[in-house]
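Chemist: Got a predicted model here, sequence first, then my questions.
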Amino acid sequence: MTKTALVVGASGIVGSATADLLLAEGWSVHGLARRPQAQAGVAAVAADLNDRDATAAALEGVHPDAVFITTWARQDSEAENIRVNGAMVRNLLDALPPAQGPRHVALVTGLKHYLGPFEAYGKGALPQTPFREEQGRLDVPNFYYAQEDAVFAAAERDGFSWSVHRPHTVIGKAVGNAMNMGTTLAVYATLCRETGRPFRFPGSAAQWEGLTDMTDARLLASHLLWAATTPAARNEAFNVVNGDVFRWKWMWSRIAQWFGIEPAPFDGTVLPLEAQMADDADLWRTIAAREGLVEPDLARLASPWHTDADLGRPIEVVTDMSKSRRLGFTGYQPSDDAFFDLFERLRADRLIP
């Protein structure tokens, strides 16, 4: 019998990759978004999760075997992040009718579980790296914890199993996404090539020199499906990364080579992309018109603020995957190929020249 999935945030980087995988595996997929985008094979559900009644009405008649929560709404403060994103998860799970059989709910959060929220990102007393799932919550407010607590409470009430997935920076394709390093770097490299500006690493010496890892959206989708269908993975939290480690001093030159430009020397000075790209909107429109690109709005492609947060961290960040490996997840994705695959897709879809 065909299984049914509800992918929440289906138009985002993680949600779209998850929907694609589920369809390929023979699932029936409902894709919930505030403004759904056309996705072949996905039944669109338009709902604003901040509206409890509208969410319930939109989900009437939807009986998923698995729910994949891959979205959040950025607010001006962590207190507001907690209030809004916690309520979104509660409204979603309250809207679903009692399961006809076993149900699984997967929640995607991230390494801010260990690093703290944006207001205190990478500051104060942090757990040792590599980050491991048994490391407890930080003693600071964090909307990831509020999302988890909403899932845990609903699971206790309704009797479903759950999993929490903590990726590092996710590499994948989406337009209008708030956290999109891969496309941001592709746009930045294109602008540098266009203007002759130096392709300069914008972050900290700790990130340039230290080890790090990343998460391909397709690998994360595989991890979500694995946890939803593996009994031993139920009611567990997991880190999920590609399986390799690298230094940005190596990756930066790899990205530059793909775009046919030279990487600029790094002198240890932090020069955020948000400042470097602040005046580039008109230039991007010019490039888009000349090259026939489908998205002339720079703000819908690039999220320099988020890339700056990741690349500006003052500490080395690596992630342990042993828990998943012990339970049988063997997925692996070289991170440089994740970037290159994304760049090829962006070019094929006329998002970059």
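Modeler: Structure's in. What do you need?
Chemist: ranges for the strands of the protein?
Modeler: Counting by DSSP state E, the segments of the chain that form strands are 4-8, 28-33, 42-46, 66-69, 104-108, 161-167, 170-171, 211-212, 215-216, 236-240, 246-247.
Chemist: Switch these over to CSV; also include mean neighbour count, distance to Arg347 and mean pLDDT.
Modeler: For glycine as for every other residue, the C-beta is placed from the backbone atoms N, C-alpha and C. Shown next, in CSV, are these (neighbours: other CB atoms under 10 Å; distance: least, CB to CB, whole Å; pLDDT from 0 to 100):
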stretch, mean neighbour count, distance to Arg347, mean pLDDT
strand 4-8, 26, 26, 97
strand 28-33, 23, 25, 96
strand 42-46, 17, 24, 96
strand 66-69, 28, 28, 98
strand 104-108, 26, 27, 97
strand 161-167, 23, 25, 98
strand 170-171, 26, 15, 96
strand 211-212, 19, 25, 96
strand 215-216, 28, 18, 98
strand 236-240, 22, 27, 98
strand 246-247, 15, 23, 98
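Chemist: who wins for proximity to Gly328 among those?
Modeler: Nearest of these to Gly328, taken as CB to CB: strand 236-240 at 11.9 Å.
Chemist: Sheet partners, orientation included, of the closest one?
Modeler: Partners of strand 236-240 in the sheet, by DSSP bridges, are strand 161-167 (parallel).
Chemist: Next, the angle from the strand it pairs with to strand 104-108.
Modeler: 20 degrees (axes from the mean of the first three to the mean of the last three CA atoms, to 10 degrees).
Chemist: hmm, who's touching strand 161-167?
Modeler: Applying CB atoms under 8 Å, 6 or more residues apart in numbering, the contact partners of strand 161-167 are 14, 102-111, 113-114, 131, 133, 148, 151-152, 155, 215, 220, 223-224, 227-228, 233-241, 319.
Chemist: From the contact counts, what lies against the longest helix seen in the chain?
Modeler: Longest helix of the chain, by residue count under DSSP state H: helix 78-95. Other helices and strands packing on helix 78-95, by 3 or more CB pairs under 8 Å, 6 or more residues apart in numbering; DSSP states H and E, are helix 52-58, strand 66-69, helix 143-158.
Chemist: do that again at 10 Å, thanks
Modeler: With contacts defined as 3 or more CB pairs under 10 Å, 6 or more residues apart in numbering; DSSP states H and E, helix 78-95 has these neighbours: strand 4-8, helix 52-58, strand 66-69, strand 104-108, helix 143-158.
Chemist: Which one of the ones you listed lies nearest to Val42?
Modeler: strand 4-8 (7.6 Å).
Chemist: still on that earlier bit, buried sites along the longest helix of the chain?
Modeler: With burial defined by 16 or more other CB atoms under 10 Å, the residues of helix 78-95 counted as buried are 78, 81-82, 84-93, 95.
Chemist: what's the offset of it from the middle of its chain?
Modeler: Put simply, helix 78-95 sits 18 Å off its chain's centre (CA atoms, centre = their mean, to the nearest Å).
Chemist: Kindly report the same for stretch 42-58.
Modeler: 21 Å.
Chemist: And that stretch, what's buried?
Modeler: Those would be Val42, Val45, Ala47, Leu49, Arg52, Thr55, Ala56, Ala58, for stretch 42-58 by 16+ other CB under 10 Å.
Chemist: Verify the contact between Asp139 and Ala125 for me.
Modeler: Yes: with contact defined as CB atoms under 10 Å, Asp139 counts as touching Ala125 (8.3 Å).
Chemist: what touches both of those two?
Modeler: Applying CB atoms under 10 Å, 6 or more residues apart in numbering, one finds that Asp139 and Ala125 are jointly contacted by Gly116.
Chemist: quick one, what contacts the spatially most central residue of the chain?
Modeler: Taking CA atoms, centre = their mean, the centroid of the chain lies closest to Val170, which sits 4.5 Å from it. Counting by CB under 10 Å, 6+ apart, Val170 makes contact with 12-14, 17, 70, 108, 110, 177, 179-182, 214-217, 219-220, 240, 338.
Chemist: again, only using 8 Å
Modeler: The contact partners of Val170, by CB under 8 Å, 6+ apart, come to Ile13, Val14, Met179, Met181, Met214, Thr215, Asp216, Ala217, Leu220.
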